[in-house]
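Q: Give me a model of this one.
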Amino acid sequence: MLKLLRISQKGLIMTLESAVVQKIIRRLIRGEDYRIEIISLLDAQFLQYAIDFFKRVVNAKLNDEIVTIDWYKNEFLNPNLETKEIAINSGLNMKTISNMYNTARRNVVVHASIEHFDTLYDTLNELIDNDDDLEITLTVKFKGVSVELNVSESLIVINTIAVKRSALRGGLWSTAGKQVEKPLIKTLCMLFNVPKKHYDQSNIPESLREVDFYLIGKNPEERYRSEVKLMGKGNPEGADVIHARDTRVFVADKLSETNITQFEANNVEWVEMRTEDGYKRFLVVLKNLGIPGKDFKGDIDKRLTAIFREIF
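A: Have a look, this model is predicted:
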């Protein structure tokens, strides 16, 4: 018997996005692997989802509802729910549906989710009928109330939370760079005492500063588009982006020799954080762009704390 006992939200502290961003920046500047922070955030969000998911099952029992597969469909595949939530609760994700049907329209997602769920449930029942030795009971206890799910219902639940974790993982990794981009570059500017006028975004047209960060040269019209990519070594995306997005300054977690060669051939300034004192190359970037800055000497952790206090 697989048993989950007395789920409670008490003591589970959700990591705030700003706190995670600060931790990632600290690790990047130290030349350390930042990925543990993303994984920690993923774990916190996933555990919160699992708790909420199981609490809905228990609450149904508290309200004297019969927890069956039909109840699950009415509760978790309800057309009034958000499209993404319906897909995940069916054991699919939006990307899969989009690839299958070449669209992510709400009516298509709802139809595909229900169809997939019914097929999955039938498949599970066939497997169970053919395997008499398979016995799984998922027992959820909360505030003295116990709910038991049979083998097919248990597998549906396990599959659903697995899909949710996968969806959370993809979302967090794909947006990590964008969440860190502006505060990281601003932190580097403040760390090297760059005058505010050279990175103040208030004079940049709103349509530009909403999605990008610009360093500003001696002439206010000299705007250098800056980009952060938390990518692995050898990832070709870095080479592609300088052509597609007219990037002038590229800050990355790791870079390959090929990446660096391509950047320099295209007059793109670069910083590789995952090297010893890699962040200090930002001072070289500033010099090459004619932007004033001073080398940092002192307790970097204390300085970062002061910078974060101002930024966040």
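
Q: in the stretch 151-300 of the chain, which spans are helices?
A: 151-191, 206-209, 237-244, 257-265, 281-289, 300-311 (DSSP state H, counting those that start in this stretch).

Q: wait, the stretch 1-150 of the chain
A: Under the criterion DSSP H, counting those that start in this stretch, helices of the stretch 1-150 of the chain are mapped to 17-30, 35-62, 69-76, 83-89, 94-101, 106-129.

Q: Buried residues of the fifth one, list them for me.
A: The reference is to helix 94-101. Within helix 94-101, the residues that count as buried by 16 or more other C-beta atoms under 10 Å are Met94, Thr96, Ile97, Ser98. Just so you know, the C-beta spots here come from the backbone N, C-alpha and C atoms, and that holds for glycine as well.

Q: returning to that earlier point: worst average pLDDT in the helices of the stretch 151-300 of the chain?
A: Among the helices of the stretch 151-300 of the chain, helix 237-244 carries the lowest mean pLDDT, a mean of 55.

Q: re earlier: which one, of the helices of the stretch 151-300 of the chain, ends up nearest to Glu75?
A: With C-beta to C-beta as the measure, helix 151-191 is the member of the helices of the stretch 151-300 of the chain nearest Glu75 (11.7 Å).

Q: what's the angle from that closest one to helix 17-30?
A: Here helix 151-191 points in a direction 60 degrees away from that of helix 17-30 (axes from the mean of the first three to the mean of the last three C-alpha atoms, to 10 degrees).

Q: and helix 151-191, how far out from the chain's middle?
A: Using C-alpha atoms, centre = their mean, to the nearest Å, the mean C-alpha position of helix 151-191 is found 3 Å from that of the whole chain.

Q: Please apply the same query to stretch 267-284.
A: When distances are taken as C-alpha atoms, centre = their mean, stretch 267-284 is centred 24 Å away from the chain's centroid.

Q: One more: stretch 293-305?
A: Here stretch 293-305 is found 29 Å from its chain centre; the criterion is C-alpha atoms, centre = their mean.

Q: go on, stretch 205-219?
A: Relative to its chain's centre, stretch 205-219 lies at 25 Å (C-alpha atoms, centre = their mean).

Q: Now do the end-to-end distance for that stretch.
A: 16 Å (C-alpha to C-alpha, to the nearest Å).

Q: what residue ranges in the chain score low on pLDDT?
A: Low-confidence segments of the chain, defined by pLDDT under 70, span residues 1-16, 64, 132, 134, 231-245.

Q: sorry, back to before: any idea which of the helices of the stretch 1-150 of the chain is most buried?
A: helix 83-89 (a mean of 21; mean count of other C-beta atoms under 10 Å).

Q: other SSEs contacting that one?
A: Contacts defined by 3 or more C-beta pairs under 8 Å, 6 or more residues apart in numbering; DSSP states H and E place helix 83-89 against helix 94-101, helix 106-129, helix 151-191.

Q: I'd like those as JSON lines, with distance to Gln201 appended.
A: Shown next, in JSON lines, are the helices and strands packed on helix 83-89 (distance: least, C-beta to C-beta, whole Å):
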{"stretch": "helix 94-101", "distance to Gln201": "32"}
{"stretch": "helix 106-129", "distance to Gln201": "36"}
{"stretch": "helix 151-191", "distance to Gln201": "8"}
